[in-house]
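[1] The amino acid sequence is not available; the structure is as follows:
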């Protein structure tokens, strides 16, 4: 079995967020009425309470929730989410205002993703193996609202594709490894509501090697 992705059966139906519910990209002070490929702040989402109640049964909660928008015929670059247990301030709901040192960014923490295509087309989430970690770029991101963090990104030429799936609807995804998204179709945008998972009783993120024990037979490949 792969070490990147599992579908998860939810006991409720899900729907994508409305377009006007996420108009500000992460760290931006300017409203975006025309969406581009980016991470966005989601205001109120219809399924938050259902997700919270569902996770509570497994003694899991979420720390933050974002929307990742991949525009039609576009890609979200190869990157790694910079949330690790070691660097996470669990009193800070965004967990992003952290600075990472060079070699501590790889882990296997997971998110619950609810993903949708907006139109006819095809979209995927892809995981990558880096041929040489010396080619990983450490990019300082500084936003209008004062948030700053390092992002670790890679060029496709320096990578080998490790795993790919459509990953629509509800999934547990390994975001502690290098990954990207792509959307194909003239009108098809990929929209993902993404919840960063942590154990409820301890300040520790949930890792991919724990998910079978936590969620059991509601996971499938």
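    Looks like it arrived, so ask away. Nothing here was measured: the structure is a model prediction, and the numbers come from that model. Numbering: from 1, shown residues only.

[2] State the helix or strand in which residue 215 lies.
    Assigned by DSSP states H and E, residue 215 falls within helix 211-215.

[3] What helices and strands are in contact with the helix or strand that that helix is followed by?
    Downstream of helix 211-215, the next assigned helix or strand under DSSP H and E is strand 219-220. For strand 219-220, the elements it packs on are strand 5-8, judged by 3 or more CB pairs under 8 Å, 6 or more residues apart in numbering; DSSP states H and E. Where C-beta positions appear, they are placed from N, C-alpha and C, glycine not excepted.

[4] who's in contact with the helix or strand following the strand it packs on?
    Sequence-wise, the next helix or strand downstream of strand 5-8 (DSSP H and E) is strand 24-25. Here strand 24-25 makes contact (CB atoms under 8 Å, 6 or more residues apart in numbering) with 30-32, 36, 38-41.

[5] now do 10 Å
    30-32, 35-43, 66-67, 69, 143-145 (CB atoms under 10 Å, 6 or more residues apart in numbering).

[6] ok, and for stretch 139-155, which residues are buried?
    Under the neighbour-count criterion of 16 or more other CB atoms under 10 Å, stretch 139-155 has 149-152, 154 buried.

[7] could you dump these to a markdown table with pLDDT, distance to residue 131 and secondary structure?
    Converted to a markdown table, these look like this (pLDDT from 0 to 100; distance: CB to CB, whole Å; DSSP: H, G, I helix; E, B strand; the rest coil):
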| residue | pLDDT | distance to residue 131 | secondary structure |
| --- | --- | --- | --- |
| 149 | 70 | 25 | strand |
| 150 | 74 | 21 | strand |
| 151 | 81 | 19 | strand |
| 152 | 86 | 15 | strand |
| 154 | 94 | 9 | strand |
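
[8] the strands in the chain, which residues?
    Taking DSSP state E, the strands of the chain run over residues 5-8, 24-25, 38-41, 60-70, 74-80, 110-117, 122-130, 137-142, 148-154, 159-165, 169-174, 179-184, 190-199, 219-220.

[9] I'm done for today, thanks for sticking with me.
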